[in-house]
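Novice: have a look at this prediction, sequence included:
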Amino acid sequence: MRIAIGGKGGVGKTTIAATLTRLLARRAGGALAVDGDSNPNLAVALGLSQSDAMRLPTVPRDVMERRTDVDGEEKLMLVASPEEIAKRYGVEAPDGVRLLILGRVGHAGTG
Amino acid sequence: MCRNHATVRSLLAQLVGTSTGPVVADMEAGLENFSRGTPRHVDALVVVMEPYFRALETGARAVELGRELGIPRVEAVANKARTREDELAVREFCESRGIPIAGWVPFDEAVLQSERAGKALLDHAPGSPAVAAIGAVADALTP
(Lines give C-alpha, C1' and ligand atoms only; values in the text may rest on other atoms or scores of the structure.)
Protein backbone atom coordinates (compact mmCIF):
# COMPACT_ATOMS: atom_id res chain seq x y z
CA MET A 1 0.00 0.00 0.00
CA ARG A 2 1.50 3.30 -1.11
CA ILE A 3 -0.28 6.43 0.05
CA ALA A 4 0.53 10.01 -0.92
CA ILE A 5 -0.68 12.85 1.30
CA GLY A 6 -1.30 16.14 -0.49
CA GLY A 7 -3.09 19.43 -0.10
CA LYS A 8 -2.61 23.13 0.32
CA GLY A 9 0.12 24.32 2.71
CA GLY A 10 -0.86 24.61 6.37
CA VAL A 11 -3.84 22.27 6.27
CA GLY A 12 -2.24 19.69 8.55
CA LYS A 13 -0.77 17.32 5.98
CA THR A 14 2.35 16.48 7.93
CA THR A 15 0.62 15.71 11.26
CA ILE A 16 -1.84 13.44 9.47
CA ALA A 17 0.92 11.78 7.40
CA ALA A 18 3.08 11.11 10.47
CA THR A 19 0.27 9.78 12.65
CA LEU A 20 -1.13 7.65 9.84
CA THR A 21 2.32 6.17 9.12
CA ARG A 22 2.87 5.16 12.74
CA LEU A 23 -0.61 3.67 13.10
CA LEU A 24 -0.14 1.67 9.89
CA ALA A 25 3.33 0.59 11.06
CA ARG A 26 1.87 -0.76 14.31
CA ARG A 27 -0.49 -2.93 12.30
CA ALA A 28 1.95 -4.05 9.62
CA GLY A 29 5.10 -4.38 11.75
CA GLY A 30 6.81 -1.46 10.07
CA ALA A 31 6.33 1.23 7.45
CA LEU A 32 8.27 3.64 5.31
CA ALA A 33 7.71 7.39 5.52
CA VAL A 34 8.89 9.54 2.64
CA ASP A 35 9.40 13.23 3.31
CA GLY A 36 9.08 14.92 -0.04
CA ASP A 37 8.43 18.37 1.33
CA SER A 38 10.92 21.11 0.63
CA ASN A 39 10.60 22.25 4.25
CA PRO A 40 10.74 18.90 6.00
CA ASN A 41 9.33 18.52 9.47
CA LEU A 42 7.96 15.03 9.19
CA ALA A 43 10.77 13.77 11.45
CA VAL A 44 9.53 15.76 14.46
CA ALA A 45 5.91 14.87 13.73
CA LEU A 46 6.96 11.20 13.73
CA GLY A 47 8.51 11.57 17.17
CA LEU A 48 12.18 12.33 16.67
CA SER A 49 13.62 15.07 18.86
CA GLN A 50 14.00 18.52 17.35
CA SER A 51 17.76 18.47 17.87
CA ASP A 52 18.06 15.07 16.17
CA ALA A 53 15.80 16.22 13.36
CA MET A 54 18.22 19.04 12.56
CA ARG A 55 21.00 16.67 11.60
CA LEU A 56 19.38 13.72 9.94
CA PRO A 57 20.82 12.21 6.80
CA THR A 58 18.97 12.96 3.59
CA VAL A 59 18.83 11.00 0.39
CA PRO A 60 21.74 12.33 -1.70
CA ARG A 61 21.29 13.63 -5.21
CA ASP A 62 23.42 10.92 -6.72
CA VAL A 63 20.90 8.13 -6.00
CA MET A 64 19.55 9.26 -9.37
CA GLU A 65 21.72 8.97 -12.42
CA ARG A 66 21.19 10.06 -15.98
CA ARG A 67 21.04 6.96 -18.12
CA THR A 68 20.05 6.27 -21.67
CA ASP A 69 17.24 3.77 -22.02
CA VAL A 70 16.61 1.31 -24.86
CA ASP A 71 14.89 3.97 -26.95
CA GLY A 72 17.90 6.21 -26.68
CA GLU A 73 16.08 8.52 -24.33
CA GLU A 74 17.95 10.08 -21.44
CA LYS A 75 16.28 9.42 -18.12
CA LEU A 76 16.99 9.91 -14.46
CA MET A 77 17.04 6.48 -12.84
CA LEU A 78 17.64 5.16 -9.32
CA VAL A 79 21.07 3.58 -8.95
CA ALA A 80 19.95 1.22 -6.16
CA SER A 81 16.74 -0.54 -5.15
CA PRO A 82 14.33 1.37 -2.90
CA GLU A 83 15.03 -1.19 -0.12
CA GLU A 84 18.75 -0.53 -0.41
CA ILE A 85 18.15 3.23 -0.37
CA ALA A 86 15.85 2.93 2.66
CA LYS A 87 18.51 0.86 4.43
CA ARG A 88 21.35 3.18 3.56
CA TYR A 89 19.76 6.61 4.05
CA GLY A 90 16.69 5.85 6.16
CA VAL A 91 16.34 6.99 9.76
CA GLU A 92 14.72 4.97 12.54
CA ALA A 93 11.51 6.46 13.94
CA PRO A 94 9.09 5.04 16.56
CA ASP A 95 6.83 2.03 15.88
CA GLY A 96 9.20 0.53 13.31
CA VAL A 97 8.91 3.43 10.89
CA ARG A 98 11.84 4.13 8.60
CA LEU A 99 12.05 7.71 7.35
CA LEU A 100 13.56 8.81 4.06
CA ILE A 101 14.09 12.54 3.77
CA LEU A 102 14.25 14.25 0.40
CA GLY A 103 14.02 17.85 -0.49
CA ARG A 104 16.29 19.50 2.03
CA VAL A 105 18.84 20.24 -0.71
CA GLY A 106 18.05 23.33 -2.76
CA HIS A 107 16.53 23.11 -6.18
CA ALA A 108 19.16 25.38 -7.70
CA GLY A 109 20.46 24.18 -11.02
CA THR A 110 18.30 21.08 -11.05
CA GLY A 111 15.04 22.69 -12.19
CA MET B 1 13.54 17.91 -14.32
CA CYS B 2 13.89 18.50 -10.63
CA ARG B 3 15.75 15.62 -9.10
CA ASN B 4 13.77 15.52 -5.88
CA HIS B 5 10.50 15.04 -7.66
CA ALA B 6 12.07 12.43 -9.92
CA THR B 7 13.57 10.59 -6.94
CA VAL B 8 10.29 10.49 -5.02
CA ARG B 9 8.47 9.37 -8.16
CA SER B 10 10.97 6.58 -8.87
CA LEU B 11 11.00 5.41 -5.27
CA LEU B 12 7.21 5.20 -5.20
CA ALA B 13 7.16 3.40 -8.55
CA GLN B 14 9.53 0.72 -7.35
CA LEU B 15 8.20 0.30 -3.82
CA VAL B 16 5.73 -2.38 -4.82
CA GLY B 17 5.49 -5.53 -2.77
CA THR B 18 8.74 -4.77 -1.00
CA SER B 19 9.77 -5.59 2.53
CA THR B 20 9.29 -2.02 3.72
CA GLY B 21 5.56 -2.47 4.43
CA PRO B 22 3.10 0.38 3.89
CA VAL B 23 4.58 3.53 2.38
CA VAL B 24 3.33 7.02 3.18
CA ALA B 25 4.70 10.00 1.26
CA ASP B 26 4.19 13.48 2.68
CA MET B 27 4.10 15.52 -0.50
CA GLU B 28 5.26 19.06 -0.98
CA ALA B 29 2.37 21.46 -0.36
CA GLY B 30 0.43 22.70 -3.35
CA LEU B 31 0.04 21.46 -6.90
CA GLU B 32 3.52 21.51 -8.49
CA ASN B 33 3.94 17.83 -7.57
CA PHE B 34 1.16 16.88 -9.88
CA SER B 35 2.48 18.61 -12.97
CA ARG B 36 5.70 16.71 -12.37
CA GLY B 37 3.82 13.43 -11.90
CA THR B 38 5.49 12.88 -8.52
CA PRO B 39 2.62 10.86 -6.98
CA ARG B 40 1.83 8.93 -10.17
CA HIS B 41 2.72 5.52 -8.73
CA VAL B 42 0.71 5.33 -5.53
CA ASP B 43 -2.31 3.23 -4.66
CA ALA B 44 -4.09 6.07 -2.91
CA LEU B 45 -3.90 9.84 -2.76
CA VAL B 46 -5.26 11.47 0.37
CA VAL B 47 -5.94 15.17 -0.06
CA VAL B 48 -6.18 17.03 3.23
CA MET B 49 -8.74 19.83 3.20
CA GLU B 50 -9.58 22.54 5.68
CA PRO B 51 -13.05 24.07 5.76
CA TYR B 52 -12.23 27.33 4.06
CA PHE B 53 -12.58 28.21 0.41
CA ARG B 54 -8.97 28.33 -0.80
CA ALA B 55 -8.02 25.06 0.89
CA LEU B 56 -11.08 23.38 -0.59
CA GLU B 57 -10.39 24.77 -4.07
CA THR B 58 -6.73 23.73 -4.00
CA GLY B 59 -7.79 20.35 -2.62
CA ALA B 60 -10.35 19.83 -5.38
CA ARG B 61 -7.72 20.68 -8.00
CA ALA B 62 -5.33 18.16 -6.37
CA VAL B 63 -8.06 15.51 -6.52
CA GLU B 64 -8.65 16.27 -10.19
CA LEU B 65 -4.93 16.11 -11.03
CA GLY B 66 -4.51 12.91 -9.01
CA ARG B 67 -7.27 11.30 -11.04
CA GLU B 68 -5.65 12.48 -14.27
CA LEU B 69 -2.45 10.74 -13.17
CA GLY B 70 -4.45 7.53 -12.93
CA ILE B 71 -4.17 7.05 -9.17
CA PRO B 72 -6.71 4.30 -8.39
CA ARG B 73 -8.04 5.83 -5.19
CA VAL B 74 -8.29 9.57 -4.56
CA GLU B 75 -10.06 10.76 -1.43
CA ALA B 76 -10.26 13.76 0.83
CA VAL B 77 -9.67 13.95 4.55
CA ALA B 78 -11.44 16.87 6.19
CA ASN B 79 -9.23 18.43 8.82
CA LYS B 80 -9.72 21.03 11.57
CA ALA B 81 -13.49 21.33 11.37
CA ARG B 82 -14.64 23.14 14.53
CA THR B 83 -18.37 23.33 14.05
CA ARG B 84 -21.30 21.62 12.36
CA GLU B 85 -21.21 24.46 9.82
CA ASP B 86 -17.57 23.64 9.01
CA GLU B 87 -18.46 19.99 8.49
CA LEU B 88 -21.41 20.90 6.34
CA ALA B 89 -19.26 23.22 4.21
CA VAL B 90 -16.78 20.41 3.48
CA ARG B 91 -19.50 17.85 2.93
CA GLU B 92 -21.42 20.01 0.48
CA PHE B 93 -18.29 21.06 -1.37
CA CYS B 94 -17.04 17.48 -1.76
CA GLU B 95 -20.48 16.22 -2.78
CA SER B 96 -20.78 18.89 -5.45
CA ARG B 97 -17.37 17.89 -6.87
CA GLY B 98 -17.89 14.13 -6.49
CA ILE B 99 -15.02 13.77 -4.03
CA PRO B 100 -15.27 10.87 -1.54
CA ILE B 101 -14.29 11.65 2.05
CA ALA B 102 -12.07 9.05 3.74
CA GLY B 103 -12.34 10.61 7.17
CA TRP B 104 -12.99 13.56 9.44
CA VAL B 105 -10.25 14.82 11.73
CA PRO B 106 -11.75 17.43 14.07
CA PHE B 107 -10.04 20.60 15.21
CA ASP B 108 -8.11 19.42 18.26
CA GLU B 109 -6.16 21.55 20.71
CA ALA B 110 -3.90 18.52 21.30
CA VAL B 111 -2.46 18.94 17.80
CA LEU B 112 -1.38 22.52 18.56
CA GLN B 113 -0.04 21.49 21.95
CA SER B 114 2.04 18.69 20.46
CA GLU B 115 3.43 21.07 17.84
CA ARG B 116 4.36 23.62 20.52
CA ALA B 117 6.03 20.87 22.54
CA GLY B 118 7.89 19.64 19.43
CA LYS B 119 6.46 16.17 19.93
CA ALA B 120 4.61 13.62 17.89
CA LEU B 121 0.84 13.87 18.34
CA LEU B 122 0.78 10.13 18.95
CA ASP B 123 3.23 10.45 21.88
CA HIS B 124 1.87 13.71 23.26
CA ALA B 125 -1.85 12.88 23.17
CA PRO B 126 -2.45 9.25 22.18
CA GLY B 127 -6.04 9.38 23.42
CA SER B 128 -6.95 12.59 21.59
CA PRO B 129 -9.91 12.86 19.21
CA ALA B 130 -7.50 13.67 16.34
CA VAL B 131 -5.57 10.41 16.86
CA ALA B 132 -8.81 8.42 16.98
CA ALA B 133 -9.96 10.07 13.76
CA ILE B 134 -6.66 9.37 11.97
CA GLY B 135 -7.00 5.75 13.13
CA ALA B 136 -10.36 5.67 11.38
CA VAL B 137 -8.67 7.00 8.22
CA ALA B 138 -6.14 4.15 8.48
CA ASP B 139 -9.06 1.71 8.73
CA ALA B 140 -10.74 3.24 5.70
CA LEU B 141 -7.56 3.02 3.61
CA THR B 142 -6.47 -0.50 4.46
CA PRO B 143 -8.21 -3.49 2.96
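Specialist: Done, it's in. Residues are numbered from 1 along each chain as shown, chains lettered A, B, ... in the order given.

Novice: let me see the ranges of the helices in chain B.
Specialist: B:3-14, B:32-35, B:53-68, B:84-97, B:109-117, B:121-124, B:129-141 (DSSP state H).

Novice: using the three-state scheme, assign the residue nearest the centre of chain A.
Specialist: Closest to where the C-alpha atoms of chain A average out (C-alpha atoms, centre = their mean) is residue A:34, at 2.5 Å. Recorded secondary structure, residue A:34: strand (DSSP: H, G, I helix; E, B strand; the rest coil).

Novice: before we move on, back to that, reformat the helices of chain B as JSON lines; add mean pLDDT.
Specialist: Converted to JSON lines, those look like this (pLDDT from 0 to 100):
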{"stretch": "helix B:3-14", "mean pLDDT": "86"}
{"stretch": "helix B:32-35", "mean pLDDT": "89"}
{"stretch": "helix B:53-68", "mean pLDDT": "96"}
{"stretch": "helix B:84-97", "mean pLDDT": "97"}
{"stretch": "helix B:109-117", "mean pLDDT": "96"}
{"stretch": "helix B:121-124", "mean pLDDT": "98"}
{"stretch": "helix B:129-141", "mean pLDDT": "97"}
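
Novice: residue A:56: which of the ones you listed is closest?
Specialist: Closest to residue A:56 of the helices of chain B is helix B:3-14 (C-beta to C-beta; 15.8 Å). Where you see a C-beta, it was placed from the backbone N, CA and C, and this is true even at glycine.

Novice: and the closest one, what does it pack against?
Specialist: For helix B:3-14, the packing partners by 3 or more C-beta pairs under 8 Å, 6 or more residues apart in numbering or on different chains; DSSP states H and E come out as strand A:31-35, strand A:64-68, strand A:74-78, helix A:82-89, strand B:23-26.

Novice: stretch B:36-53 near chain A anywhere?
Specialist: Yes. Stretch B:36-53 comes into contact with chain A (C-beta under 8 Å from any C-beta of the partner chain), by way of B:38-39, B:41-50.

Novice: distance of the residue nearest to the centre of chain A relative to residue B:24?
Specialist: 7 Å (C-beta to C-beta, to the nearest Å).

Novice: repeat for residue A:64
Specialist: 21 Å.

Novice: the more surrounded of the two?
Specialist: residue B:24 (29 against 21; other C-beta atoms under 10 Å in any protein chain shown).

Novice: which residues touch the closest residue to that one other than its chain neighbours?
Specialist: Leaving aside its sequence neighbours, residue B:24 sits nearest to residue A:21 (C-beta to C-beta, 6 or more residues apart in numbering or on different chains; 4.3 Å). Residue A:21 makes contact with A:31, A:33, A:46, A:97, B:22, B:24, according to C-beta atoms under 8 Å, 6 or more residues apart in numbering or on different chains.

Novice: wait, what's in contact with the fifth one?
Specialist: It refers to residue B:22. Taking C-beta under 8 Å, 6+ apart, one finds A:1-3, A:21, A:24-25, A:28, A:31-32, B:142 in contact with residue B:22.

Novice: the longest helix along chain A vs helix B:129-141, what angle?
Specialist: Longest helix of chain A, by residue count under DSSP H: helix A:13-28. Here the directions of helix A:13-28 and helix B:129-141 differ by 60 degrees (axes from the mean of the first three to the mean of the last three C-alpha atoms, to 10 degrees).

Novice: where does the prediction get shaky in chain A?
Specialist: Along chain A, the parts satisfying pLDDT under 70 run over A:38-40, A:103-111.

Novice: circling back to that earlier point, could the helices of chain B go into CSV alongside mean neighbour count?
Specialist: Listed next are the helices of chain B as CSV, based on neighbours: other C-beta atoms under 10 Å in any protein chain shown:
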stretch, mean neighbour count
helix B:3-14, 22
helix B:32-35, 17
helix B:53-68, 19
helix B:84-97, 15
helix B:109-117, 16
helix B:121-124, 21
helix B:129-141, 19
